[in-house]
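Engineer: sequence first, then the predicted structure, then my questions.
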Amino acid sequence: GRPVCRAGSAAEGRMAPARCAVCEEVESKYKCPTCRAPYCSVKCYKRHKEQPCRRAQPRLEPEPRRPELWGEDEEDSFRLQPAQLDRLRGSEELRRLLAGQRVREIIRLVDAGHVKLEDAQAQDPEFNAATLQILETINPGGPPD
């Protein structure tokens, strides 16, 4: 059958890598820039785009923590701690840097895998300033040992 846009499904909130929403066989590496549906290849992306999809709606409230997502595993070192999240929320400088439409668009392109983070930082001083401010905000004084 034809692929179905599954963005917004219960599977989307998982921290584990999602399966491709088109073939449902392979771990996804990418997300549709419009609806955020996971896909694994150009072939699956083209099949996904055979049907129109809608922009994913932003969540108005944060998703509640699920205990199974906060167990001990190798990815725990990459998760932000509650105090770091609080510092991000409270940073007026970061809010100012992220107010620009161009910076937000670059973030979408990097998140969708269309642009490498390092390339975006090298090519756009405002985006680079925002990424540096994020790092300084979550780890004042440098990274932890």
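Structural biologist: Nice, I can see it.
Engineer: mind showing which ranges of the protein have poor pLDDT?
Structural biologist: Within the chain, the segments meeting pLDDT under 70 span 1-17, 56-78, 143-145.
Engineer: all strands for this protein, in order.
Structural biologist: Using DSSP state E, the strands of the chain run over 30-31, 38-39.
Engineer: tell me, how many residues neighbour residue 47?
Structural biologist: Residues lying near residue 47 (other Cβ atoms under 10 Å) number 16. C-beta: built from backbone N, CA, C; applies to glycine.
Engineer: how about residue 32?
Structural biologist: 22.
Engineer: out of the strands of the chain, which is closest to residue 83?
Structural biologist: strand 30-31 (28.7 Å; Cβ to Cβ).
Engineer: give me the contact list for the closest one.
Structural biologist: 37, 38, 39, 40, 45, 111, 112, 113 (Cβ atoms under 8 Å, 6 or more residues apart in numbering).
Engineer: one more time with 10 Å, if that's ok
Structural biologist: 7, 12, 18, 20-21, 37-42, 44-45, 56, 111-114 (Cβ atoms under 10 Å, 6 or more residues apart in numbering).
Engineer: which of those residues fall within helices?
Structural biologist: 42, 44, 45, 111 (DSSP state H).
Engineer: filter the residues you listed down to the buried ones, PyMOL style.
Structural biologist: Buried residues within these, by 16 or more other Cβ atoms under 10 Å, are selected in PyMOL with:
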select buried, resi 44+45
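Engineer: in CSV, list the ones in helices among the contacts of strand 30-31 along with distance to residue 125.
Structural biologist: As requested, those are exported to CSV (distance: Cβ to Cβ, whole Å):
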residue, distance to residue 125
42, 32
44, 36
45, 31
111, 20
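Engineer: nearest to residue 93, of the strands of the chain?
Structural biologist: That would be strand 30-31 among those, by Cβ to Cβ, at 28.7 Å.
Engineer: any idea how far residue 86 is from the spatially most central residue of the chain?
Structural biologist: In the chain, the residue lying closest to the centroid (Cα atoms, centre = their mean) is residue 111, at 5.1 Å. The spacing between residue 111 and residue 86, counted by Cβ to Cβ, to the nearest Å, is 23 Å.
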